[in-house]
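Participant: need the 3D shape of this:
(one chain, ligands or ions: 1)
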Amino acid sequence: MSTILGENSYGKSENRVVRIVREGPTHHIKDLTVSIALSGDMDEVHYSGSNAGVLPTDTAKNTVYAFAKEHGIDSAEQFGMRLARHFVTSQPVLRRARVQIEEHAWERVGTTGPTRHSFVRSGRETRVCRIGYDGADWEIVSGLQDLSALNSTDSEFRGYVKDAYTTLEETSDRILATEISARWRYRWSRDGEPAPDWDRAYERARTNILGAFAGTYSRSLQQTLYAMGSHVIERSGGEVDEIRLSLPNKHHFLVDLTPFGLTNDHEVYLAADRPYGLIEATVLRAGAPARIPADLLRPR
Ligand SMILES: O=c1[nH]c(=O)c2[nH]c(=O)[nH]c2[nH]1
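Facilitator: Next comes the predicted model:
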């Protein structure tokens, strides 16, 4: 044989599941996209076509919907962990499961009257998580996608390298705008050890990211990124070991109004959508391994 099988997985991707909890006339909604990737002893199906060890991807899809009914959806992390544990512990040939979830946020239209079952798609960011399980250890990476943030001052960019092609003018007052994508990895990895409260941990990380964005006098987006990452780790109560951030620099250019006899005292900007600077980095608790792959987050 001149070829051998390398790394492989199979599963059902992007299962769209909406779970309603009916509390009398008040309804609650969870709206997830769930992707399942399974791996283990899968040589035979690739080499000979024998499906004897293959749990159909259709079954993986059905399990998502059945579990949504039977167990409900508390947090995305908890739901993903329940699925990952199920596949790895119920099928001997399945040794590892990876469950990726995106949560689409809905907001209540109102809290009284006939609107207790009415929702509007929230303008909030997308919450995401990726659960890995091999029967012994967990790897839980949570995060957020496309959280738009803008500082209208307290941002400068000066003192950079200039070569023959540099035309950018130094500025001591600019708009700093970005769409934050972040993934953070929890230290927790073993059943029996106290696990984070996933919803609380998410809100804390989000608050720390935005707190650092708003509270840092920025000399570059790189500096702001590092402040965001170190805030999340240092203020996680020891729960987060690693965070990776991807920050497109959404440039805002001061418009030249002198042709119209007008001065522009940092009031009128042209918001450019492309090209954009792209600033990305991982921040680690000292001594912790870097495990979040760079290509897990990219701006759209
Ligand atoms: O915050 C910034 N970092 C850069 O590296 C950079 N480069 C650039 O042209 N503008 C900016 N802004």
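
Participant: how much space separates Gly40 from Glu14?
Facilitator: 22 Å (CB to CB, to the nearest Å). (Glycine included, C-beta is placed from N, CA and C.)

Participant: so for those two, which residue has more residues nearby?
Facilitator: Per other CB atoms under 10 Å, whichever of Gly40 and Glu14 has more neighbours is Gly40, with 21 against 11.

Participant: now do the SS call for Gly135.
Facilitator: coil (DSSP: H, G, I helix; E, B strand; the rest coil).

Participant: now Leu150
Facilitator: Relying on three-state DSSP, one would call Leu150 strand.

Participant: tell me the contacts of it?
Facilitator: Residues counted as contacts of Leu150 (CB atoms under 8 Å, 6 or more residues apart in numbering) are 175-178, 250.

Participant: which among those gets closest to Tyr217?
Facilitator: Tyr217 has its nearest neighbour among the contacts of Leu150 in Leu176, at 10.3 Å by CB to CB.

Participant: that closest one contacts Leu221, correct?
Facilitator: Yes: here Leu176 lies in contact with Leu221, judged by CB atoms under 8 Å, at a distance of 6.7 Å.

Participant: shared neighbours of these two, which are they?
Facilitator: Common neighbours of Leu176 and Leu221 (CB under 8 Å, 6+ apart) are Asn249.

Participant: which residues of the stretch 101-250 of the chain lie near the ligand?
Facilitator: 157, 168, 220-222, 249 (CB under 6 Å from any ligand atom).

Participant: centre of the chain to the edge, which residue is at the far end?
Facilitator: Gly261 (46.4 Å; CA atoms, centre = their mean).

Participant: contact partners for Pro25?
Facilitator: Contacts of Pro25 by CB under 8 Å, 6+ apart are 116-117.

Participant: just Gly238 next, same as before
Facilitator: Contacts of Gly238 (CB under 8 Å, 6+ apart): Arg187.

Participant: for it, give me the pLDDT.
Facilitator: Predicted confidence (pLDDT) for Gly238: 98.

Participant: now do the buried residues in the helix or strand Lys69 falls within.
Facilitator: Using DSSP states H and E, Lys69 maps to helix 57-71. Across helix 57-71, burial judged by 16 or more other CB atoms under 10 Å covers 57, 60-61, 63-64, 67-68.
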